[in-house]
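1. Pasting the sequence and the predicted model now:
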Amino acid sequence: MASKLSRAGLEPELGEPDIRCWVDGRAVYVECKRPCSRRGARQAYTDALVQLAAALRDAPVGGRGIVALSITRFVNPGDRVFVHEREAIGQAQLSAEMTRAAQWLMRPALWPAPPEGTIGLLWHVITPGFDRSQNLLVAVQ
């Protein structure tokens, strides 16, 4: 996540919370979680909210928070390569996989309300892939 923020031109700082960066003069805190299972997702999210609430309490005025949740292990528990015919088809297939995971995870009872100042929940997947059109191993995300 920090790498992605850096490539976007921000200067992420690692620590507690997991990542802090400044956007338009505001501190933005990112709590990153990578649950091992769907069952662990609620606990990981709840833990992130507790950590985010603590960071936001001590944040400068206008501080914001984000929970970044990797759902990679829901889409691929680590036993397969994401094979696709070409990039556009792979994007559509991965989007469909993420939608299925989101539908299961976003049941209302599963997610407590985030603390005030929270501006987002990011979902991320990165998995090995194979693009048949290029006969190339790739990182799919």
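-> Alright, I've got the coordinates.
2. how about the helices in this protein?
-> With DSSP state H as the criterion, the chain has helices at 2-7, 38-57, 72-75, 87-105.
3. which stretch in those is the model least sure about?
-> Mean pLDDT is lowest for helix 72-75 out of these, coming in at a mean of 84.
4. looking at the helices of the chain, which is closest to residue 125?
-> helix 72-75 (4.9 Å; CB to CB). For every residue, glycine as well, the C-beta is placed using N, CA and C.
5. From the contact counts, what lies against the closest one?
-> helix 87-105 (3 or more CB pairs under 8 Å, 6 or more residues apart in numbering; DSSP states H and E).
6. want to throw the helices of the chain into TSV with distance to residue 29 and mean neighbour count?
-> Below are those laid out as TSV (distance: least, CB to CB, whole Å; neighbours: other CB atoms under 10 Å):
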stretch	distance to residue 29	mean neighbour count
helix 2-7	12	12
helix 38-57	4	17
helix 72-75	22	19
helix 87-105	22	14
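7. between these, which gets nearest to residue 126?
-> That would be, of these and by CB to CB, helix 72-75, which comes in at 5.8 Å.
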